[in-house]
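Peer 1: Attaching a predicted model along with its sequence, questions to come.
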Amino acid sequence: MEDRRRAQRRQVTRTPAERGLVVEETASGWVGAVLGVEASGGMLVVRLEDRRGRVRAFPMGHGFLCGGDPVELIAPTARTAGPSSPRRTASGSLAVDGARARTARASRIWVEGLHDAELVEKVWGEDLSLEGVVVEPLHGADDLSGALEEFAPSPQRRVGVLLDHLVPGSKESRIAEQAMRSPGARGNVLVLGHPYVDVWQAVRPHRVGLDAWPPIPRGTDIKVGTLQALGWPHRTRADVAQGWRRILGTVRTYADLEPALLGRVEELIDFVTGS
């Protein structure tokens with residue numbers, strides 16, 4: 001599946017800049033819906049409106065992504081204004097409209113917690129449903145080896161595991177090494193991770209109006225510290241839950257996530273589906 005997507009993304013498609021088309025300007029990372037095309041300074045520019053209602057204009061032509069694929073934006077004409085572009089899922093895949101969800105596979109994708117699962121489901125949920133892949137939160141990865149022994153992985157029961165903060169020397173790296181020594185793990189279990197202490201930081205910070213996620217002092221819960229730095233309520237579990245809902249609500253497509261998470265999730269989906 002990943003090889004297929006890479007091949008698609010190497011092809012640059014000439015795409016009419018029709019009103020409502022959502023694209024990303026690659027140099028700035030600006031994601032927005034087309035409002036219109038107009039002449040400015042002797043050239044054609046396209047006006048893009050982001051989720052907050054902010055509008056920026058960019059020169060027409062190359063340098064845009066549509067659903068993850070590079071496109072050359074061209075001016076719409078009366079002939080092209082009718083049929084809409086093929087629908088894409090939030091992950092950037094071509095949507096398969098009308099297809100029924102596949103019966104769940106025995107294989108699973110495990111993530112550390114509920115927030116990880118909600119984020120993966122929001123962006124990849126349509127793809128996962130089509131593939132019959134279930135995402136399950138571990139509610140902590142400390143006993144990953146025990147969970148694998150109970151699950152009994154096999155070629156027909158693969159497990160892809162996504163860990164937070166999987167960097168050399170971390171607790172998570174030791175958990176991953178131990179897990180791969182579990183019975184049946186070789187060839188049937190794939191443990192990958194992202195470098196962020198918490199999956200919250202895998203959301204691009206500009207989605208909540210930041211240039212970068214704030215550094216959190218050691219000993220302070222990263223969720224609480226992040227909400228405090230944002231000036232949002234942070235004292236109770238309900239505050240943390242509400243804060244996450246606000247962050248998750250800013251995520252629309254894969255373009256709102258960091259590449260370090262995107263690639264790992266794609267690899268895990270390919271692994272458990274045998275793609």
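Peer 2: Nice, I can see it. Numbers count the residues shown, from 1 in each chain.

Peer 1: Identify the nearest residue to D142 in space, disregarding sequence-adjacent positions?
Peer 2: Counting by C-beta to C-beta, 6 or more residues apart in numbering, D142 lies nearest to I175, which is 6.9 Å off, once chain neighbours are set aside. Placement of C-beta: from N, CA and C, glycine included.

Peer 1: Give me the contact list for the one helix or strand that neighbour maps to.
Peer 2: Here I175, judged by DSSP states H and E, is contained in helix 171-179. Residues from elsewhere that reach helix 171-179 (C-beta atoms under 8 Å, 6 or more residues apart in numbering): 141-142, 144-145, 148, 161, 163-167, 185, 189, 191, 193.

Peer 1: re earlier: per-residue confidence for the residue nearest to D142?
Peer 2: In the prediction, the pLDDT value recorded for I175 is 96.

Peer 1: for M43, same thing?
Peer 2: Per-residue confidence at M43 stands at 80 (pLDDT).

Peer 1: Now for it: which residues touch it?
Peer 2: M43 is in contact with P59, M60, counting by C-beta under 8 Å, 6+ apart.

Peer 1: so it bridges to which residues?
Peer 2: On the basis of DSSP bridges, M43 is bridged to S40.

Peer 1: Tell me the spacing between it and L230.
Peer 2: With distances taken as C-beta to C-beta, to the nearest Å, M43 is found 39 Å from L230.

Peer 1: Equivalent analysis for A141, please.
Peer 2: With distances defined as C-beta to C-beta, the gap from A141 to L230 amounts to 26 Å.

Peer 1: Looking at the two, which is more packed in?
Peer 2: A141 (24 against 17; other C-beta atoms under 10 Å).

Peer 1: In terms of secondary structure, what does whatever helix or strand L190 lives in contact?
Peer 2: Counting by DSSP H and E, the element that carries L190 is strand 189-193. In this structure, strand 189-193 makes packing contacts with strand 159-163, helix 171-179, helix 259-273, judged by 3 or more C-beta pairs under 8 Å, 6 or more residues apart in numbering; DSSP states H and E.

Peer 1: Quick one: name whatever helix or strand follows that strand.
Peer 2: helix 222-230.

Peer 1: hey, C-alpha coordinates of that next one in PDB?
Peer 2: Presented in PDB, the C-alpha positions along helix 222-230 are these (Å, rounded to 0.1, in the frame of the first residue of the first chain):
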ATOM      1  CA  ILE A 222       3.200  16.700  29.900                       C
ATOM      2  CA  LYS A 223      -0.500  17.000  29.300                       C
ATOM      3  CA  VAL A 224      -1.000  19.300  32.300                       C
ATOM      4  CA  GLY A 225       2.100  21.300  31.500                       C
ATOM      5  CA  THR A 226       1.000  21.700  27.900                       C
ATOM      6  CA  LEU A 227      -2.500  22.900  28.800                       C
ATOM      7  CA  GLN A 228      -1.000  25.300  31.400                       C
ATOM      8  CA  ALA A 229       1.400  26.700  28.800                       C
ATOM      9  CA  LEU A 230      -1.500  27.200  26.400                       C
END
